[in-house]
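Engineer: next one to model:
(one chain, ligands or ions: 3)
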Amino acid sequence: MVLYFSATGNTEYIAKELAKRTNDECVNLLERIKKQDFSPIHSEKPFVICAPVYVCEIPRFMMKYLKKQPFTGCKDVYFILTSGGYCGPSGILLKKIFKSKKMICHGYAEFKMPRNYVASDDYPMLEKNQVEERIIGSYNRLEQVAADILAGKRLKARHVFLFETLITLPFNPVWCKYKLTAKDFYAEASCIGCGKCERLCPLNNVKIVDKKPVWSNQCTHCMACIGNCPVNAIQYGNITKSKEPYNFGKYEYVVKNMNE
Ligand SMILES: Cc1cc2nc3c(=O)[nH]c(=O)nc-3n(C[C@H](O)[C@H](O)[C@H](O)COP(=O)(O)O)c2cc1C
Ligand code: SF4
Ligand code: SF4
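Structural biologist: Ligands and ions are numbered 1, 2, ... in the order given. This is a model prediction of the structure:
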């Protein structure tokens, strides 16, 4: 069973493609995470956990959820990470969670995808041709990763040196404390009150009040709200004014062209 969380579609795309190629079920964890639903998840086939990388780790809310979540049936688990190019010790952290559940970890694969962090100037967005190149590069790796999962082989990723873990682990909480605020989000007059931002926020941090979104202070900067607004009505301070929010759906044509 392939399980995923995805804010702007990269991880969802990889998860769905892997499920298709391994002839397996694909489950979006968003509703479970939103409702904090920890009813057991059962599969007779290996579990394939797919996650994006936030500040060199998998999202904190996802780690918390996976720690509590019981998995029954098959004991084998694989991990898939999507990032803008640097996953740090994310795979090691996932392995730790599932080892404590007495499950058998078969390694992890990293997919270098387009960056989605539009609300930060520290991770510049990519040009259109760079986005397309990354999607093509990932597409070309899917078949091999799926074949390895089907064959029960260990997935191989870049070696993570101890110094990387020692630097990134303390860096993450400092970044989160000072950067992850929702106070700069607002919706412009073009907002049509559709409620998509409320539905997609994994932390239930957006509420529609009088047909307009209002943000509280439990934000992890996943970019689901700003990246999926159908009329691009959401802004983050002045940072996003001249940028187009990223969403994998805008580039689906790249995959379509390759399939033709
Ligand atoms: C808050 C935040 C932090 C991120 N940190 C990293 C990072 O440390 N390294 C990296 O390579 N990409 C980073 N990214 C980029 C995402 O990991 C990447 O775009 C991912 O594929 C998004 O997945 P999704 O579309 O499924 O949500 C970050 C994105 C966000 C929103
Ligand atoms: S997704 Fe966009 S249009 Fe829909 S309610 Fe949110 S801000 Fe408004
Ligand atoms: S409010 Fe924050 S956590 Fe919620 S969808 Fe928007 S960026 Fe993600």
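Engineer: what's the neighbour count on residue 16?
Structural biologist: Residue 16 sits with 17 neighbouring residues when counted by other Cβ atoms under 10 Å. No exception for glycine: its C-beta is placed from N, CA and C like everyone else's.
Engineer: and it, how far from residue 199?
Structural biologist: Between residue 16 and residue 199 the distance is 19 Å, computed by Cβ to Cβ, to the nearest Å.
Engineer: what strand or helix carries residue 255?
Structural biologist: Assigned by DSSP states H and E, residue 255 belongs to helix 252-259.
Engineer: list the buried residues for that helix?
Structural biologist: Neighbour counts using 16 or more other Cβ atoms under 10 Å place 254, 255 of helix 252-259 among the buried residues.
Engineer: can you tell me what sits against that helix?
Structural biologist: 13, 132, 135, 136, 139 (Cβ atoms under 8 Å, 6 or more residues apart in numbering).
Engineer: restricted to helices, list these.
Structural biologist: The helices, defined by DSSP state H, take in 13, 132, 135, 136, 139 from the contacts of helix 252-259.
Engineer: and those, which is closest to ligand 2?
Structural biologist: residue 13 (20.5 Å; Cβ to the nearest ligand atom).
Engineer: hang on, the closest one packs against residue 247?
Structural biologist: No. Under the criterion of Cβ atoms under 8 Å, residue 13 is not in contact with residue 247, lying 10.8 Å apart.
Engineer: just to revisit the earlier point, report the buried members of the contacts of helix 252-259.
Structural biologist: Buried by 16+ other Cβ under 10 Å: 13, 132, 135, 139, out of those.
Engineer: farthest-apart pair in the contacts of helix 252-259, please.
Structural biologist: Taking Cβ to Cβ as the measure, the contacts of helix 252-259 span a maximum distance of 13.6 Å, between 13 and 132.
Engineer: any common contacting residues for those two?
Structural biologist: Applying Cβ under 8 Å, 6+ apart, one finds that no residue jointly contacts residue 13 and residue 132.
Engineer: and the helix holding residue 255, how far from the chain's centre?
Structural biologist: What separates the centre of helix 252-259 from the centre of its chain is 21 Å, taken as Cα atoms, centre = their mean, to the nearest Å.
Engineer: now the residue sitting furthest away from the middle of the chain: how far from ligand 1?
Structural biologist: Most distant from the centre of the chain: residue 210, at 30.2 Å, with distances by Cα atoms, centre = their mean. Distance of residue 210 to ligand 1, computed by Cβ to the nearest ligand atom, to the nearest Å: 28 Å.
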